[in-house]
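Student: The amino acid sequence is not available; the structure is as follows:
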């Protein structure tokens, strides 16, 4: 085996082990999110810092002497193909989807007539602010009235009253099993 081959193998092993460490850290974070949703933010921030450092270590391999010069020109080969080959141009696209660009242009064009000569006057801005505030206050008032009305209806029906638990019929059988005396 030549010196270059062993050097490449060692570099690939280093990359693979660092990627495995990163994968493991991310899977632990995903599990923590799934099973302990009430975890505090400082824990997640520290884990994201660890992930960031691990990514930085992988990216630094390019600059280190660990990675031979000949390996800088290799591209990784995906293990799985895309289920539908028609998606490949979409995945390689650098511009937005033409439909999205058209929609963005329509939204911008609808906004342009509102502006006069590229700027707003203070009176117009103040009027828009007060109009917006009035609409929000009106919505808040309607939501409060509707929720109060619904709450009163629910209470009147009695859905929030405590109901007595049914008396168990099996209690005396368990007492018989424990004491051996029949009381039923």
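Tutor: It's in. Because the structure is a prediction, the values reported are computed rather than measured.

Student: what about residue 120, how many neighbours?
Tutor: 14 (other CB atoms under 10 Å). Every C-beta, even on glycine, is put in place using the N, C-alpha and C of the backbone.

Student: how about it, phi and psi?
Tutor: Taking degrees, to the nearest 10, you get phi -100, psi 150 for the backbone angles of residue 120.

Student: Check the spacing between it and residue 107 real quick.
Tutor: 18 Å (CB to CB, to the nearest Å).

Student: try residue 26
Tutor: Distance from residue 26 to residue 107, by CB to CB: 36 Å.

Student: Settle it for me: which of those two has more neighbours?
Tutor: Higher neighbour count among residue 26 and residue 107: residue 26, with 14 against 10, using other CB under 10 Å.

Student: Just the element for that one, please.
Tutor: helix 3-35 (DSSP states H and E).

Student: which helices and strands does that helix pack with?
Tutor: Helix 3-35 makes packing contacts with helix 41-60 when contacts are defined by 3 or more CB pairs under 8 Å, 6 or more residues apart in numbering; DSSP states H and E.

Student: Residues touching the helix it packs on, excluding its own?
Tutor: 15, 18-19, 21-22, 25-26, 28-29, 32 (CB atoms under 8 Å, 6 or more residues apart in numbering).
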